[in-house]
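Chemist: Just the structure for this:
(chains A and B)
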Amino acid sequence: MGAQLGKNLIEVEGLKKHFNVGNGKVLKAVDNLNFFIREGETLGMVGESGCGKSTAGRTILRLYEPTAGSVRFNGTDIYKLSPNKMKAMRRDMQMIFQDPYASLNPRFTVSDIIGEALDIHNMAGSRGERKKRIEELLDLVGLNTDHATRYPHEFSGGQRQRIGIARALAVNPKFIICDEPISALDVSIQAQVVNLLQDLQERLGLTYLFIAHDLSMVKHISDRVAVMYLGKMVELADSEELYSNPIHPYTKSLLSAIPVADPEVEAQKKRILMTAEGGGPIRSANEKTEETTLVEVSPGHWVATPY
Amino acid sequence: MANENMANKQPLPALTAADFEPVNINERESEVIKRESLTAWRDTWERLRRNKVAMSGLIALVLIIIASIVGPWIAYWVHGYDYRTNDLLATNQPPSSKHWFGTDDLGRDMFVRTWSGARISLIVGVAAAMIDLLIGVIYGGIMGYFGGRVDTIMNKFSEILYSIPYLLVTILLLVVFKPSLGTIILALTITGWINMSWIVRGEIMKLKNREYVLASRSMGAGTGRLLFRHLLPNASGPIIVTLTLSVPSAIFAESFLSFLGLGVQAPVSSLGSMVENALTGWMFYPWRMLFPAVLISVIMLAFNLLGDGLRDALDPSLKNK
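Modeler: Here you go, the predicted structure:
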């Protein structure tokens, strides 16, 4: 990985997604995100539960309409596309979901699940072609082709997640958002799925936005890592650089929480605790929040200031 | 205690490497699923079939439906009379070989009238439930799918309609229009669909944020596909249960209206109007009340037992709660 990095495939600029929570208050789930992802690259996105990672992913795919900002895919602003053009654009951007038990329709067979995208985009000319393509996809993710007529409840978590991956790959996407694809899986299965994702990336030249809260796994899979906190991005750097030289206090605190597989080191380790200031992401609608800007402290290492 | 057990046990023979043999595990082979593939509907049917109470309800219903279709026919074929043939020389007869359920005060055969009354009741019940289903799914589907302001306004409207006493609306309608089968069905459905629409709304709201719906949206699926391929099929369990339980309530309402004289008009028979007719002489001619009253009860019981059984079969996790 990292050798074939090319031009920017995804450019996110000033992305905001605010939810109305009533009483004139808004939840700033995603507040002013700016980043880019190069073609063939994996960008990891980490942060605690509820910091807006998943909302950011869904807004980038336009599953949620953004409050402000733009997302450019290959230079095209996807928020300005008409419904028809957006539908065509969806072939290039796909998502792998967190919960393999909730992300597959229990009334569909595996071939219906994987074939749905083919039907929506009229990608299979005939029944035979559709069947062949589905078998090809099952094979690609390491599943038995006899599984096509089975229902999701007949599979284990890891197998279901592979069905989810096959579904995302059906339309030959260039960019895939992996929304915590391994956090619901058993540790031994996590490695299988991550290896499958890396293998597919190499074979198909995919670009990933990998959302997770498992910091060691993110370090393993990502070229660069972005840290999110309360809806904002606080630090973005190459993964080696971020893990060895964290600058933002939140990043330091987060990294200090990684468990070490050595009880003696673990006992010696000092957690850096952080207190949330400003009372979290729910604000009244017209309250001014402190604007932060990203500053490049060393090449490719960006930190939000002031902190 | 534990020590004694340990002491009594023979020491295990030592294991050697020769006791083990490698199992060839082919990853692909180990993933073959042996269990027969069952669709959700087959699974439901298997569970329902094992539920004796629900199955007896289902069997009773099937028998009643068959009897209400062929019963009046058989009587016509054997004895040559229909629901309006009266024999004034044979009024208030007890059950006999000529009149299996006896006769009423005008000498009409009770066997024919009971089964043709059951036919009317079933038609009203099923028709009203089907119309409830149609309106309820459309209205509830729109409320649940679009949510927000659309949902608030539509929901308030259904709440207002629901708050008007249902009997008042029904009686007013039957007074304005001429009582007939159609009017009764209209009167029953004018408020009857509300319950169904609330069930559908709740289900759609619950399902529309499921990840498989998001996945379908991320592939570019339109509203129609989302509603008819993902949302409604997955909401079908509660919809079917509500439907099954709304049939007996419509049948009861029809019988009740007929009892009040607001239902189908003579000479057409209805279980409710037959009970009402029998009221005047029930101490002397109890069979005139017995047959229609028992039949109403059995129909309602059978539908309720089947509905409860279906609920358990469609969602096993609800059982014993």
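
Chemist: in a helix, that's where A:Tyr64 is, yeah?
Modeler: No: the assignment for A:Tyr64, made by DSSP: H, G, I helix; E, B strand; the rest coil, is coil rather than a helix.

Chemist: And it, how far from chain B?
Modeler: 10 Å (C-beta to the nearest C-beta, to the nearest Å). All C-beta spots, glycine's among them, are computed from the backbone N, C-alpha and C.

Chemist: List the residues that contact that residue.
Modeler: A:Lys17, A:Thr55, A:Arg58 (C-beta atoms under 8 Å, 6 or more residues apart in numbering or on different chains).

Chemist: 10 Å instead?
Modeler: A:Lys17, A:Phe19, A:Ala29, A:Val30, A:Thr55, A:Ala56, A:Gly57, A:Arg58, B:Leu214 (C-beta atoms under 10 Å, 6 or more residues apart in numbering or on different chains).

Chemist: Can you say which of those are buried?
Modeler: A:Lys17, A:Ala29, A:Val30, A:Thr55, A:Ala56, A:Gly57, A:Arg58, B:Leu214 (16 or more other C-beta atoms under 10 Å in any protein chain shown).

Chemist: now, the most widely separated pair of these?
Modeler: A:Val30 and B:Leu214 (16.6 Å; C-beta to C-beta).

Chemist: OK, contacts around the closest residue in space to A:Arg133 that isn't next to it in sequence?
Modeler: For A:Arg133, ignoring the flanking residues on the chain, the nearest one in space by C-beta to C-beta, 6 or more residues apart in numbering or on different chains is A:Ala124 at 5.9 Å. Counting by C-beta under 10 Å, 6+ apart, A:Ala124 touches A:Gly115, A:Ala117, A:Leu118, A:Arg130, A:Lys131, A:Lys132, A:Arg133, A:Ile134, A:Ala170.

Chemist: before we move on, back to that, just put the buried ones among the contacts of A:Tyr64 in TSV and tack on pLDDT, distance to A:Gln201 and secondary structure.
Modeler: Converted to TSV, the buried ones among the contacts of A:Tyr64 look like this (pLDDT from 0 to 100; distance: C-beta to C-beta, whole Å; DSSP: H, G, I helix; E, B strand; the rest coil):
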residue	pLDDT	distance to A:Gln201	secondary structure
A:Lys17	90	27	strand
A:Ala29	87	28	strand
A:Val30	88	25	strand
A:Thr55	91	24	helix
A:Ala56	92	21	helix
A:Gly57	92	17	helix
A:Arg58	92	21	helix
B:Leu214	90	23	helix
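
Chemist: Could you point out which of the residues you listed is nearest to A:Glu39?
Modeler: Closest to A:Glu39, out of all of those and judged by C-beta to C-beta, is A:Gly57, at 18.5 Å.

Chemist: I figured the closest one hits A:Phe175, correct?
Modeler: No: contact between A:Gly57 and A:Phe175 fails when scored by C-beta atoms under 10 Å: they sit 11.3 Å apart.

Chemist: Quickly list what's touching both of the two.
Modeler: A:Met95, A:Leu209.

Chemist: what's the neighbour count on B:Gly222?
Modeler: Counted by other C-beta atoms under 10 Å in any protein chain shown, the residues lying close to B:Gly222 total 12.

Chemist: do the same with A:Asn172
Modeler: A:Asn172 - counted by other C-beta under 10 Å - has 12 other residues nearby.

Chemist: picking up where we left off before, going by distance to B:Phe291, which of the contacts of A:Tyr64 wins?
Modeler: B:Leu214 (56.6 Å).

Chemist: and that closest one, what is it in contact with?
Modeler: Here B:Leu214 is in contact with A:Arg58, A:Leu61, A:Leu63, A:Tyr64, A:Met95, A:Phe97, A:Ala102, A:Ser103, A:Asp179, B:Lys208 (C-beta under 10 Å, 6+ apart).

Chemist: and the second one, what does it touch?
Modeler: Residues in contact with A:Leu61 (C-beta under 10 Å, 6+ apart) are A:71, A:78, A:89-90, A:93-95, A:175-177, A:179, A:209, B:214, B:217-218.

Chemist: Farthest-apart pair in those, please.
Modeler: Farthest pair in those, by C-beta to C-beta: A:Met89 and A:Asp179, 18.7 Å.
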